[in-house]
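J.: no FASTA, just this:
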């Protein structure tokens, strides 16, 4: 698959604008506390005319940059989540929120949005667009509320984004086109076809298109694998390990400041030389591709974001998800009576499982860790990423017992699961808990019959949700699961209200608990 997108004129004009003198001036001016605000602004006239006006006016004595921006741009607003009356329970509120967070198909506009042709759910707050891996966790709640139609529409949007741009971007914004997020397309397909694979002609056609999209995504992650050599052991998202096996890492095709965090990136790198800046930009972008932006998983020094080294890391969660992609493609092609393709992916899954156990499993500590392939050693960071080995059924029974015991003893807190055993200023560390990781862990525990622990995790998470909702009337992006009364902290922006994946996972947990 060609990974270089062919951009339509409106999107190309926006990409060019994000590299313009005006864009840099506004982002560095501090007019907006959040760099994403201007990155999402809509131009009232053509970018060419705006740039010309800026060139003519910027050096005049009374020039006011903020007034210029307000004259030529419409600024985005955060999604309004208020209701005339708060619902009695979080579950009732979540059901009502689906309509608030739903967007209709997009029209064309002079902004960074990549238009989608079908309805979709956004996370909420400053996140005014669809996000790739978020959407799976949102979808599990939508399915619990029997809203499979919108899940189908979201899957169609992702397939069409992939067809148009060569990848499923981090989100449907032009500034996300250089990276994706964890590959969850297979999980969305499974949600829609979990009970049985289709036989009706129109559903079978859609299923075949979805399977092709899953394979296209797999090929995207494996791009460059044929160019790997012992001297050049990494290329984009693939890494050649010492024994000749291949695993994957997170990556971004750009090594420049992120438009949505432009000022923040430049301020952080002010003391670095050009080569160091480029490495930092790529590593911080790659961490955004992971969805864990940011975490001690990616840092040489937990307290220093400048030590980020994401592209040196072979992550547990990513490789478990790709193992599942290979397993599912083998199953899908067997069902479609294409035995050659089925065997190809069965063998790929087998080889990846061996490599994961060789490099990411620690017999000494009985846990899965990320692996630093540059240093050729495990990262040593205990994280819930290990739960993906349970979620994808990759772990052995002995491994599942060890992982579940450590989760119970170390990760389980009064309000749910902490993300890592590292306490830092990063939001994907302790004391924060996140809905997507609770989902992965609970489903993984259930896969290995650890039902009592799975039920405890769900109950404690929902208790946190309910207590915070009772006091505030809000559902949040993340929670402090150690001190439930405290607002979760860390990260590049204020904690956001909404919130797509919290809503989805919590609603699904309410449904699952009814079965116990």
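T.: Good, I have the coordinates. Just so it is clear, the structure is predicted and the values come from calculations on it, not from any experiment.

J.: after the helix or strand encompassing residue 142, which helix or strand is next?
T.: Assigned by DSSP states H and E, residue 142 falls within helix 132-144. Beyond helix 132-144 in the direction of the C-terminus, DSSP H and E gives the next helix or strand as helix 148-165.

J.: give me the most central residue, the protein.
T.: With distances taken as CA atoms, centre = their mean, the residue of the chain nearest its centroid is residue 291 (3.6 Å).

J.: contacts only, for that one.
T.: If a contact means CB atoms under 8 Å, 6 or more residues apart in numbering, then residue 291 has 133, 181, 182, 436 as its contacts. Quick note: C-beta positions are derived from backbone N, CA and C, even for glycine.

J.: and for the third one, the neighbour number?
T.: I take that to be residue 182. The number of residues packed around residue 182, counting by other CB atoms under 10 Å, is 21.

J.: tell me the contacts of the residue nearest to it when sequence neighbours are not counted?
T.: Distance criterion CB to CB, 6 or more residues apart in numbering; nearest residue to residue 182, sequence neighbours excluded, is residue 133 at 4.7 Å. Applying CB under 8 Å, 6+ apart, one finds that residue 133 lies in contact with 181, 182, 184, 291, 436.

J.: which pLDDT value belongs to residue 133?
T.: On pLDDT, residue 133 comes in at 98.

J.: how close does it sit to residue 184?
T.: Taken as CB to CB, to the nearest Å, the spacing of residue 133 relative to residue 184 amounts to 5 Å.

J.: phi and psi next, for residue 102.
T.: Per-residue torsions, residue 102: phi -90, psi 130 (degrees, to the nearest 10).

J.: specify the beta-bridge partners of it.
T.: The bridge-partner assignment for residue 102, based on DSSP bridges, gives residue 121.

J.: quick one, grab the pLDDT at it.
T.: Residue 102 is assigned 95 on the pLDDT scale.

J.: ok, it to residue 333 distance?
T.: Remark: distance between residue 102 and residue 333 (CB to CB) = 34 Å.

J.: next one: residue 30
T.: Taking CB to CB, one finds residue 30 at 54 Å from residue 333.

J.: compare the two (neighbour count), which wins?
T.: Counted by other CB under 10 Å, residue 30 and residue 333 do not tie: residue 333 has more neighbours, with 20 against 9.

J.: ok, that one - contacts?
T.: Under the criterion of CB under 8 Å, 6+ apart, the neighbours of residue 333 are 211, 339, 341, 342, 345.

J.: again, but for residue 178
T.: 252, 253, 254, 285.

J.: measure the last one to residue 399 for me?
T.: When distances are taken as CB to CB, residue 285 and residue 399 turn out to be 32 Å apart.

J.: same question, the first one
T.: Distance, residue 252 to residue 399, by CB to CB: 32 Å.

J.: ok, these two, which is more surrounded?
T.: Each of residue 252 and residue 399 has its neighbours counted (other CB under 10 Å); residue 252 has more, 25 against 20.

J.: can you check what pLDDT the model gives the more buried one?
T.: Model confidence at residue 252, given as pLDDT, is 98.

J.: ok, the one 10 residues further on next?
T.: Among the per-residue scores, residue 262 shows a pLDDT of 97.

J.: name the element it belongs to?
T.: Using DSSP H and E, the element containing residue 262 is helix 262-268.

J.: what's that helix in contact with?
T.: In this structure, residues lying in contact with helix 262-268 by CB under 8 Å, 6+ apart are 23-24, 27-28, 30, 35, 39, 257-258, 280-281, 284, 305-306, 492.

J.: run through who's touching the helix or strand that comes right after it.
T.: Next in sequence after helix 262-268, counting helices and strands by DSSP H and E, comes helix 274-290. Taking CB under 8 Å, 6+ apart as the criterion, the residues outside helix 274-290 that touch it are 170, 178-182, 249-252, 254-258, 265, 268-269, 272, 293-295, 297-298, 305-306, 308-311, 315, 317-318.

J.: strands paired with the helix or strand just after helix 274-290, and their directions?
T.: Using DSSP H and E, the helix or strand that directly follows helix 274-290 along the chain is strand 313-314. Sheet pairing for strand 313-314, assigned by DSSP bridges, gives strand 371-372 (antiparallel).

J.: same question for the partner strand, mean pLDDT?
T.: Throughout strand 371-372, pLDDT has a mean value of 98.

J.: what does stretch 229-241 give?
T.: In this model, stretch 229-241 carries a mean pLDDT of 98.

J.: check the offset of it from the chain's centre.
T.: Put simply, stretch 229-241 sits 24 Å off its chain's centre (CA atoms, centre = their mean, to the nearest Å).

J.: any idea how far apart the tips of it sit?
T.: Separation of the first and last residues of stretch 229-241 by CA to CA, to the nearest Å is 10 Å.

J.: list the buried ones in that stretch?
T.: Neighbour-count burial for stretch 229-241, counted by 16 or more other CB atoms under 10 Å, picks out 234, 235, 236, 237, 238, 239, 240, 241.
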